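Trainee: Provided below for reference: sequence and predicted model.
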Amino acid sequence: MNCTNCDCPFYELHSSDGVFTSTDLNCLVTDAVKQICFSAGDVLFTQGQKSSSLFSLSKGVVKITKNAPDGHEQIVGLGIPGKLLFGLQSIDEDRHKYTAVAATDGSACKVRHRALLMGVQHQPEISLRLIAALNAQLAHARSLMEVMGHKKAAEKIAAFILLLAPEVEAKAERFTLPFSRGDIGDLLGLSEETVCRQMANMKRDGVIYAPRGKMRIQNLDRLREIADGRAP
């Protein structure tokens with residue numbers, strides 16, 4: 001499938017027809033962008049694998065992990081819709097430094113690096129969209145760092161829930177919680193027992209309802225107060 005009908009910022013590269021004035025350039029970007037579907041548990045790329053593409057996530061949640069020297073898998077980031085996924089620490093590297101594993105079913109546009117660089121050089125609008133996408137990526141990274149920063153346990157967990165459900169309105173809405181309590185603790189620097197206890201407190205207070213694998217925000221204002229450290 002191509003990505004002409006999705007929110008991928010690089011949709012001009014979906015085929016070679018008319019993207020560039022040069023026929024040679026058009027030939028080089030054939031199939032530059034492909035829309036892929038994935039299931040929970042699928043691996044999009046692995047640490048150490050040669051990198052040739054990045055991903056623009058349109059649906060689903062992806063966890064970014066890194067293998068520690070002792071073999072422990074550490075969750076170091078999240079991929080959510082509207083964000084770019086790439087496992088490089090700099091554009092000078094050619095191998096992924098991280099692993100991306102789908103936490104839920106979803107879809108993404110897979111963009112070849114070479115075609116994207118050509119698009120940036122020859123299509124100013126693509127350059128602007130890439131800058132906008134990277135700005136959004138930085139904002140997401142800052143939000144995640146704030147969640148993992150100098151917050152109390154309850155504040156971290158509340159902010160994490162809001163980060164996973166940014167479009168939730170002030171009404172009860174259920175969404176998939178694709179992480180175990182242990183995964184959440186790993187990402188936020190908390191023990192699994194602490195995560196379980198704090199989420200149990202929120203459930204008891206009517207802030208959330210969290211059956212296995214699901215989450216429903218029952219009191220959005222209260223959840224925001226907890227996340228901001230304003231809860232009594």
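Mentor: Okay, I see it. Numbers count the residues shown, from 1 in each chain.

Trainee: just give me the neighbour total for the residue nearest to Thr194 when sequence neighbours are not counted.
Mentor: Nearest non-adjacent residue to Thr194, counting by CB to CB, 6 or more residues apart in numbering: Ala153, 5.2 Å away. (Glycine included, C-beta is placed from N, CA and C.) Ala153 has 17 neighbouring residues, counting by other CB atoms under 10 Å.

Trainee: any idea how far Ala153 lies from Ser191?
Mentor: Note on Ala153: its distance to Ser191, by CB to CB, to the nearest Å, is 9 Å.

Trainee: now Gln47
Mentor: Note on Gln47: its distance to Ser191, by CB to CB, is 25 Å.

Trainee: just the element for the closest residue to Asp205 other than its chain neighbours, please.
Mentor: Nearest non-adjacent residue to Asp205, counting by CB to CB, 6+ apart: Arg222, 7.4 Å away. Secondary structure assignment for Arg222, by DSSP states H and E: helix 220-227.

Trainee: now for that helix, which elements pack on it?
Mentor: Judged by 3 or more CB pairs under 8 Å, 6 or more residues apart in numbering; DSSP states H and E, the packing partners of helix 220-227 are helix 153-164.

Trainee: again, only this time at 10 Å
Mentor: helix 153-164, helix 192-204, strand 208-209 (3 or more CB pairs under 10 Å, 6 or more residues apart in numbering; DSSP states H and E).

Trainee: mean confidence score for the longest one?
Mentor: This means helix 192-204. Mean pLDDT, computed over helix 192-204, is 95.

Trainee: residue ranges in the protein under the pLDDT threshold?
Mentor: By pLDDT under 70, the weakly predicted segments of the chain are 1-32, 85-93, 126, 129-144, 146-149, 166-173.

Trainee: domain map for it?
Mentor: 11-147, 151-227 (automatic domain parsing).

Trainee: helices along this structure, start to end?
Mentor: Using DSSP state H, the helices of the chain run over residues 23-28, 113-122, 124-148, 153-164, 181-188, 192-204, 220-227.

Trainee: in stretch 219-226, which residues are buried?
Mentor: Judged by neighbour count (16 or more other CB atoms under 10 Å), stretch 219-226 contains these buried residues: Asn219, Leu220, Arg222, Leu223, Arg224, Glu225, Ile226.

Trainee: these two touch, right, the fifth one and Ala165?
Mentor: No - with contact defined as CB atoms under 10 Å, Arg224 and Ala165 do not form a contacting pair (11.6 Å).
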